[in-house]
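Peer 1: Build me a model from this:
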Amino acid sequence: MSASWLADITHLTFDCYGTLIDWEQGILTAVQSMFARRGVSAGPESILQSYVRHEARLEAQGWKPYRDILRGVMTGIAEDFKIQLVGSETETLVTSLPDWPPFLDTVATLQALAGRYHLVIVSNTDDALFAETQKRLQTSFVAVITAEQVKSYKPGRAHFLEVQRRLGVETRQVLHVAQSLYHDHVPARALGFRTAWVNRPSRLVGTGLAPATVVEPDIVTSDLETLAARLEAGGN
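Peer 2: Numbering: from 1, shown residues only. Okay, the predicted model is just below:
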């Protein structure tokens, strides 16, 4: 059945890390490399589960620069695996983030969508960190809304309230695209946004790098390219 509401959509807002950027791969490459230098062996799922616990805990404490969040997450991961960080190892996640790779379908699909929609970033990061990531996305956005700007982390609603304020369009004209049900779909749906769940394959099946939650997206796809095809077909 066709989703007739898609005809109203003029703006696509995107979560970045986990949706456009393969942060699981980026995180694991950085952490496992550091672990290997220290002679520590750990499964990828256990590393990512540790990341989820510490990131959610730290972000729930209120806004602080995302660089500080990443330092705290790295410290927490090290504690979980009984490692004493030395030297610059606390910076492992911070320095690796600019190298986290886009998913294979990200760049071409964003560039194609930019011909039909206004594209916006809605991300739990700092401006300077996202500026490095944007070089990899090779796409221009009409707005970039970060945690640094709104002094809040999703799943708080501040990002989405800023979308409503800054874009100057009706909420029904915006489709929010994200992998994380917890961080993105819960607050977006609570404010009346339509949402598309890009359910990327994850080592943490069903949630990705996020706590579990229950919410009903409007569209569900497994990748960005499929979503673009759904939008082109009017949601069929």
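Peer 1: gap between the residue lying farthest from the centre of the chain and residue 33?
Peer 2: Distance from the C-alpha centroid of the chain peaks at residue 39, with 30.7 Å (C-alpha atoms, centre = their mean). Residue 39 is 13 Å from residue 33, where distance means C-beta to C-beta, to the nearest Å. Heads up, the C-betas are built off the backbone N, CA and C, glycines and all.
Peer 1: Could you do residue 3 as well?
Peer 2: Here the criterion is C-beta to C-beta. By it, residue 3 lies 44 Å from residue 33.
Peer 1: higher neighbour count, these two?
Peer 2: More neighbours surround residue 3 than the other of residue 3 and residue 33, with 16 against 11 (other C-beta atoms under 10 Å).
Peer 1: So for the more buried one, what pLDDT did the model give?
Peer 2: Looking at residue 3, its pLDDT is 79.
Peer 1: Distance-wise, check it relative to residue 220.
Peer 2: Distance, residue 3 to residue 220, using C-beta to C-beta: 12 Å.
Peer 1: Can you give the domain ranges for this protein?
Peer 2: 4-22+101-232, 23-99 (automatic domain parsing).
Peer 1: What is the end-to-end distance of the shortest one?
Peer 2: Looking at domain 23-99, the gap from its leading to its trailing residue is 10 Å under the measure C-alpha to C-alpha, to the nearest Å.
Peer 1: May I have the phi/psi pair for the closest residue to residue 193 other than its chain neighbours?
Peer 2: Excluding its sequence neighbours, the residue lying closest to residue 193 (C-beta to C-beta, 6 or more residues apart in numbering) is residue 176, at 4.9 Å. When quoted as degrees, to the nearest 10, the phi and psi of residue 176 stand at phi -90, psi 130.
Peer 1: pretty sure residue 176 contacts residue 188?
Peer 2: Yes: look at residue 176 against residue 188 with C-beta atoms under 8 Å: they come within range, at 4.4 Å.
Peer 1: Now the common contact residues for these two.
Peer 2: 160, 195 (C-beta atoms under 8 Å, 6 or more residues apart in numbering).
Peer 1: where along this structure do the strands fall?
Peer 2: Ranges of strands in the chain, per DSSP state E, are 11-14, 118-123, 143-146, 174-178, 194-198, 219-221.
Peer 1: Now do the same for the residue farthest from the centre of the chain: its pLDDT.
Peer 2: pLDDT recorded at residue 39 is 91.
Peer 1: Okay, and the beta partners of the residue nearest the centre of the chain?
Peer 2: In the chain, the residue lying closest to the centroid (C-alpha atoms, centre = their mean) is residue 17, at 3.1 Å. Beta bridges link residue 17 to residue 21 when assigned by DSSP bridges.
Peer 1: if I pick it, what's in contact with it?
Peer 2: Taking C-beta under 8 Å, 6+ apart, we find residue 17 in contact with 23, 100, 123-125, 133.
Peer 1: show me where pLDDT drops low in this structure?
Peer 2: 1-2, 235-236 (pLDDT under 70).
Peer 1: For the domains of the chain, state which one has the densest average packing.
Peer 2: domain 4-22+101-232 (a mean of 19; mean count of other C-beta atoms under 10 Å).
Peer 1: From start to finish, how long is that one in a straight line?
Peer 2: 12 Å.
Peer 1: now stretch 62-71
Peer 2: End-to-end distance for stretch 62-71, by C-alpha to C-alpha: 15 Å.
Peer 1: With stretch 218-230 instead?
Peer 2: Stretch 218-230 has an end-to-end distance of 12 Å (criterion: C-alpha to C-alpha).
Peer 1: For it, what is the distance to the chain centroid?
Peer 2: Distance of stretch 218-230 from its chain centroid, counting by C-alpha atoms, centre = their mean, to the nearest Å, is 16 Å.
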